[in-house]
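Q: here is my input; please provide its structure:
(2 chains)
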Amino acid sequence: MTGKQPFEAVVARHGVTVLRVCRAVLGAADADDAWSETFLSAMKAYPDLPDSANIEAWLVTIAHRKAIDVTRAAARRPIPVAQTPGEVAAMDANRPGHGSAGGPESNLDGELDSDLAESVAGLPTRQRQAVAYHYLAGLPYAEVAAIIGGSTDAARRAAADGIAAIRRSYPGAAKAHAHERKGL
Amino acid sequence: MDELTDDLKRAFPADPGDLRLLRERLAAAAQADGILDVAYRTVDSPVGRLLLAATDAGLVRVAYPNEDHDAVLQALADRVSPRILSAPIRLEGVARELDEYFGGQRRSFDLPLDWRLSTGFRRTVLSHLPDIGYGRTASYAAVATLAGNPKAIRAAASACATNPLPIVVPCHRVIYSDGRIGNYRGGPDAKRTLLTLELTLEAAK
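A: Modelled structure (predicted):
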């Protein structure tokens, strides 16, 4: 009789995806806490999870709730600086020197990646969640809708709007990636 | 879309070092919350890489390399609990005593044991094996007698063959009455290695 896998195998298999999702939804600073809370909470409930459950969707659902908790806790912290990833990105966008070309030795790859991260951080919450859950976690829109609420179509639209906004603020996305542009 | 997904993965990296730290933190938090039902680690030894697993009650499983460690962990998930993580800290004491044993500085183990994977007469047999002293051997018939049922020689042999805690519970000291070494969960070579280690150190005393 073979039932559930050891939880270690669940962490090994899904840990990376959940961390990426947490980083995309929350930003790097709070992602580690959300990841830890997600897997601790998942491990508690794991024995009662039906064997037929889609583990990745289940984990992303928990991560979604933990991200909300983390954001609320952050909002309660009396720190007089912008707290949402969007506001952080807006601040970053105003940073002196942002977007200007680096020196000839600058790491174009890394720069493009951090620009993309900032574009995602600047999206409205639902769009950011829909992009992360569909494109990073690979969940179908029906699952995304079950997590963020609303209809499947609304989830699809939120992701599409998010991607369109990313393409506007980050034209390099999915077109010419850095290694093709290195020669410039 | 695949390209975009690749770009997003690069923009939100999850490198192995970060993951390792997070996993260590998870094991510590799970232990603190009392939900780490089974902790495990591996150790290298003269008889190969051993898998060690412990519950809150104590050491529950020692597995040789010839048993597929993934299969052993799956069996623990099925029989004990799927809340299993790699968590070396809970097994530090076990690893240290094994090290001392293989280094010749330890003749008996002083560890809490969780016997739950062994029941009935088999458990009775196994619980008597530490009575066979370091560097000694006993026949299956003698072990059956020790366990209170001299006729149950075959049952005594099968108890030894399915010992979930080899080395620590010394089923390697049980051999055929004609001196043949007999079967062993870790293979006959491992049994010979353990007996040679013990006999050599005993003779050198």
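Q: low-confidence ranges in chain B?
A: Chain B contains residues with pLDDT under 70 at B:1.
Q: name the SS class of the residue nearest to the spatial centre of it, please.
A: Nearest residue to the geometric centre of chain B (C-alpha atoms, centre = their mean): residue B:62, 0.8 Å. Classification of residue B:62 by DSSP: H, G, I helix; E, B strand; the rest coil places it in strand.
Q: same deal with the one 4 residues further on?
A: Local secondary structure at residue B:66 is given as coil here, using three-state DSSP.
Q: need the nearest residue in space to it, chain neighbours excluded.
A: Distances taken as C-beta to C-beta, 6 or more residues apart in numbering or on different chains place residue B:187 nearest to residue B:66, at 5.5 Å, with adjacent residues excluded. C-betas here are computed from N, CA, C, even on glycine.
Q: repeat for residue A:116
A: Spatial nearest neighbour of residue A:116, chain neighbours left out: residue B:11 (4.0 Å); criterion: C-beta to C-beta, 6+ apart.
Q: host element of the spatially most central residue of chain A?
A: In chain A, the centroid-proximal residue (C-alpha atoms, centre = their mean) is residue A:24; its distance is 2.3 Å. Assigned by DSSP states H and E, residue A:24 falls within helix A:7-26.
Q: now for that helix, which elements pack on it?
A: With contacts defined as 3 or more C-beta pairs under 8 Å, 6 or more residues apart in numbering or on different chains; DSSP states H and E, helix A:7-26 has these neighbours: helix A:28-45, helix A:55-76, helix A:108-121, helix A:125-131, helix B:2-11, helix B:16-32, strand B:84-86.
Q: in CSV, list these along with distance to residue B:115 and mean neighbour count.
A: CSV is the format used below for the helices and strands packed on helix A:7-26 (distance: least, C-beta to C-beta, whole Å; neighbours: other C-beta atoms under 10 Å in any protein chain shown):
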stretch, distance to residue B:115, mean neighbour count
helix A:28-45, 25, 20
helix A:55-76, 32, 18
helix A:108-121, 53, 20
helix A:125-131, 49, 23
helix B:2-11, 47, 17
helix B:16-32, 22, 16
strand B:84-86, 19, 23
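Q: quick one: the residue nearest to residue A:116 and residue A:111 touch, right?
A: No - assessed by C-beta atoms under 8 Å, residue B:11 is found out of contact with residue A:111, at 11.0 Å.
Q: thinking again about what came up before, adding distance to residue A:20, write the helices and strands packed on helix A:7-26 out as TSV.
A: Below are those laid out as TSV (distance: least, C-beta to C-beta, whole Å):
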stretch	distance to residue A:20
helix A:28-45	9
helix A:55-76	10
helix A:108-121	11
helix A:125-131	12
helix B:2-11	6
helix B:16-32	11
strand B:84-86	21
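Q: how about those, which one is nearest residue A:137?
A: Between residue A:137 and these, the tightest spacing by C-beta to C-beta is seen for helix A:55-76, at 4.9 Å.
Q: what's the angle between that closest one and helix A:28-45?
A: Interaxial angle of helix A:55-76 relative to helix A:28-45 (axes from the mean of the first three to the mean of the last three C-alpha atoms, to 10 degrees): 130 degrees.
Q: any part of helix A:55-76 near chain B?
A: No - contact of helix A:55-76 with chain B (C-beta under 8 Å from any C-beta of the partner chain) is absent, the minimum separation being 11.7 Å.
Q: between helix A:7-26 and that helix, find me the angle.
A: For helix A:55-76 against helix A:7-26, the angle by the same axes, to 10 degrees is 50 degrees.
Q: what helices and strands are in contact with helix A:55-76?
A: Where contact means 3+ C-beta pairs under 8 Å, 6+ apart, helix A:55-76 is packed against helix A:7-26, helix A:28-45, helix A:141-148.
Q: distance from the chain centre to it, please.
A: Centre-to-centre, helix A:55-76 and its host chain are 11 Å apart (C-alpha atoms, centre = their mean, to the nearest Å).
Q: mind giving me the domain split of chain B?
A: Structural domains assigned to chain B are B:2-102, B:120-203, following automatic domain parsing.
Q: and the shortest one, end to end?
A: When you say that, I think you mean domain B:120-203. With C-alpha to C-alpha, to the nearest Å as the measure, the first residue of domain B:120-203 is 36 Å from its last.
Q: again with the longest one
A: End-to-end distance of domain B:2-102: 53 Å, with C-alpha to C-alpha as the criterion.
Q: residue A:155 and residue A:148 touch, don't they?
A: Yes - between residue A:155 and residue A:148 there is a contact under C-beta under 8 Å: 6.3 Å.
Q: spit out the residues that contact the two alike.
A: Common contacts of residue A:155 and residue A:148 (C-beta atoms under 8 Å, 6 or more residues apart in numbering or on different chains): residue A:130.
Q: and the two? which has more neighbours close in?
A: residue A:155 (26 against 18; other C-beta atoms under 10 Å in any protein chain shown).
Q: in the host helix or strand of the more buried one, what's buried?
A: According to DSSP H and E, residue A:155 maps onto helix A:152-169. Across helix A:152-169, burial judged by 16 or more other C-beta atoms under 10 Å in any protein chain shown covers A:154, A:155, A:156, A:157, A:158, A:159, A:161, A:162, A:163, A:165, A:166, A:169.
Q: how about the helices in chain B?
A: Ranges of helices in chain B, per DSSP state H, are B:2-11, B:16-32, B:69-79, B:92-102, B:120-128, B:140-146, B:153-161, B:188-203.
Q: and these as TSV, adding distance to residue A:46?
A: Shown next, in TSV, are these (distance: least, C-beta to C-beta, whole Å):
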stretch	distance to residue A:46
helix B:2-11	26
helix B:16-32	11
helix B:69-79	10
helix B:92-102	25
helix B:120-128	29
helix B:140-146	40
helix B:153-161	32
helix B:188-203	34
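Q: mind listing what residue A:128 touches?
A: With contact set as C-beta under 8 Å, 6+ apart, residue A:128 has these partners: A:24, A:25, A:85, A:120, A:121, A:162.
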